[in-house]
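S.K.: Give the three-dimensional model of this entry:
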Amino acid sequence: MGLKVDYRLVRTFEEWKSSFETANNTSDVIYIPTIGVSKGWDHEEVIFFIKKSIRIRVLTCDDFMMPYAVLGVTKVQEEQGIKAGEMVLKIREGIEVPSIRMERNSKIKPMLNQELADRINFKVDELDMEEARIFKY
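M.R.: Residues are numbered from 1 along each chain as shown. Reported below is the predicted structural model:
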């Protein structure tokens, strides 16, 4: 697809800020899957930092990361509960656990952090976001 990916693992919040700034200046989009175990992570400080420095789209796949992202395509948690319940019923019916096929999530929920979207003048197609949850911090 002609994409160039720069992947970074960081250990501290200071490393994260530096990586974020670099990506902000050299990339078209930033994807943040999780905060992981970044030492020194301070939610309020991160919010302040992102609000003052964001210049490009920031994406995530987890709803708990929406304070830090413009757009999220997140899992529908209820689907995971339904799948777990179905597996329990199969086990109760006597099906051996190793024979139960693992499945990936198939349902997604778009989320938009309107405040960050406004900061970078990010507009979305109304039809695409019709069912989106608007994240408000």
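S.K.: so where do the helices sit in the chain?
M.R.: For the chain, applying DSSP state H gives helices covering 13-26, 43-53, 77-92, 114-119.
S.K.: What lies in contact with the second one?
M.R.: The reference is to helix 43-53. 13, 17, 20-21, 24, 35, 58, 67-68, 115-116, 119, 137 (Cβ atoms under 8 Å, 6 or more residues apart in numbering). In short, each C-beta sits where N, CA and C put it, glycine included.
S.K.: which one of the helices of the chain has the lowest average pLDDT?
M.R.: Looking at the helices of the chain, the lowest mean pLDDT belongs to helix 77-92 (a mean of 87).
S.K.: Output it as PDB - backbone C-alpha positions only.
M.R.: The C-alpha trace of helix 77-92 is given here as PDB (Å, rounded to 0.1, in the frame of the first residue of the first chain):
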ATOM      1  CA  GLN A  77     -17.500  -5.100  24.900                       C
ATOM      2  CA  GLU A  78     -20.900  -6.700  24.900                       C
ATOM      3  CA  GLU A  79     -19.800  -8.900  22.100                       C
ATOM      4  CA  GLN A  80     -17.000 -10.300  24.200                       C
ATOM      5  CA  GLY A  81     -19.500 -11.200  27.000                       C
ATOM      6  CA  ILE A  82     -21.800 -12.900  24.500                       C
ATOM      7  CA  LYS A  83     -18.900 -15.000  23.100                       C
ATOM      8  CA  ALA A  84     -17.700 -16.000  26.600                       C
ATOM      9  CA  GLY A  85     -21.300 -17.100  27.500                       C
ATOM     10  CA  GLU A  86     -21.500 -19.100  24.300                       C
ATOM     11  CA  MET A  87     -18.300 -20.900  25.100                       C
ATOM     12  CA  VAL A  88     -19.500 -21.700  28.600                       C
ATOM     13  CA  LEU A  89     -22.600 -23.200  27.200                       C
ATOM     14  CA  LYS A  90     -20.600 -25.300  24.800                       C
ATOM     15  CA  ILE A  91     -18.400 -26.500  27.700                       C
ATOM     16  CA  ARG A  92     -21.500 -27.400  29.700                       C
END
